[in-house]
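Novice: need a structure here:
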Amino acid sequence: MLIQKDHSLDKAFNEVHDQLKRAGVDTRHKFRFFSVATVNASKKIIPQSRMVVLRSFSDDWAFEFYTDHRTSKVEEIESNPIISALFWDPSKRVQVRIEAEAAIHNQDDLAESRWKDVQGDAQKAYTPVVSPGSVVDKPEDAHKWPDAYRYDYFTVIVCSAVKIKALQLSGMEHLAFLCKRSHESDSWDKNWIAP
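Specialist: Model (predicted):
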């Protein structure tokens, strides 16, 4: 278990933060792969979720993931820049939901800087000739890449947490907290809540 009954609210909050920060650098951490849900405000409001890879998690609860600029998630974030992230660690039996404001970085200094960390064949994920979501006759038609990998479509999504809800499963006595960031003071309003 990550959150214990005898933890203070601050300790529980910090334990969750520490695990997320660790997942930003540890490729085997259970929080490394997480679900991101978006909504396109200009179309039918149907939530869309998908798995992404946590690339970093900072002290101020900002986190990043990468994508191809041509994906539907980028269009959805452009339309409605609020995402919901869901992290789950089955070994610790803890779920963390984060609502965050998302900013898109494509063909800017941040994207160029992060692109330098994407090495070798990993660059293929952001450089296919055929746009993600395009209809193809057969699967191998989607597996074409340019001669040189460029960061034209490589996109960094930077998410700034505004609300955190953690749930620790524990037999019949689950534990949960909810934290909201005040925009005026940038501080966190923290409360234990009924699970």
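Novice: count of residues packed around Pro57?
Specialist: Residue 57: Phe, not Pro. 23 (other CB atoms under 10 Å). Glycine gets a C-beta too; all of them are placed from N, C-alpha and C.
Novice: Trp188 too?
Specialist: 17.
Novice: pLDDT at it, what is it?
Specialist: For Trp188, the model assigns a pLDDT of 96.
Novice: beta partners for it?
Specialist: Arg181 (DSSP bridges).
Novice: what's the following helix or strand after the lengthiest helix in the chain?
Specialist: Looking across the chain with DSSP state H, the single longest helix is helix 9-23. Scanning forward in sequence from helix 9-23 by DSSP states H and E, the next helix or strand is strand 33-38.
Novice: relative to Ser131, how far out is the residue with the largest distance to the centre of the chain?
Specialist: Ranked by distance from the centre of the chain (CA atoms, centre = their mean), the top residue is Asp137, with 31.6 Å. With the distance defined as CB to CB, to the nearest Å, Asp137 ends up 15 Å from Ser131.
Novice: what do you get for His183?
Specialist: Counting by CB to CB - His183 and Ser131 are separated by 36 Å.
Novice: tell me where the chain has helices.
Specialist: 9-23, 72-79, 109-115.
Novice: contact partners of the first one?
Specialist: Contacts to helix 9-23, defined as CB atoms under 8 Å, 6 or more residues apart in numbering, come from residues 2-4, 7, 29-32, 54, 57-59, 61, 63, 87, 89, 92, 94, 96, 164, 166, 175, 177, 179, 188, 190-192.
Novice: one more: the last one?
Specialist: The contact list for helix 109-115, computed with CB under 8 Å, 6+ apart, reads Arg55, Glu64, Tyr66, His105, Tyr151, Phe154, Thr155, Val156, Val158.
Novice: longest strand in the protein, please.
Specialist: Ranked by residue count and defined by DSSP state E, the top strand of the chain is strand 154-168.
Novice: for that one, packing partners?
Specialist: Contact analysis of strand 154-168 by 3 or more CB pairs under 8 Å, 6 or more residues apart in numbering; DSSP states H and E lists helix 9-23, strand 62-68, helix 72-79, strand 82-89, strand 94-106, helix 109-115, strand 175-181 as its packing neighbours.
Novice: endpoints of stretch 87-103, how far apart?
Specialist: 20 Å (CA to CA, to the nearest Å).
Novice: and that stretch, average pLDDT?
Specialist: Rounded mean pLDDT across stretch 87-103 is 98.
Novice: now that stretch, how far from the centre of its chain.
Specialist: A distance of 9 Å separates the centroid of the chain from that of stretch 87-103, by CA atoms, centre = their mean, to the nearest Å.
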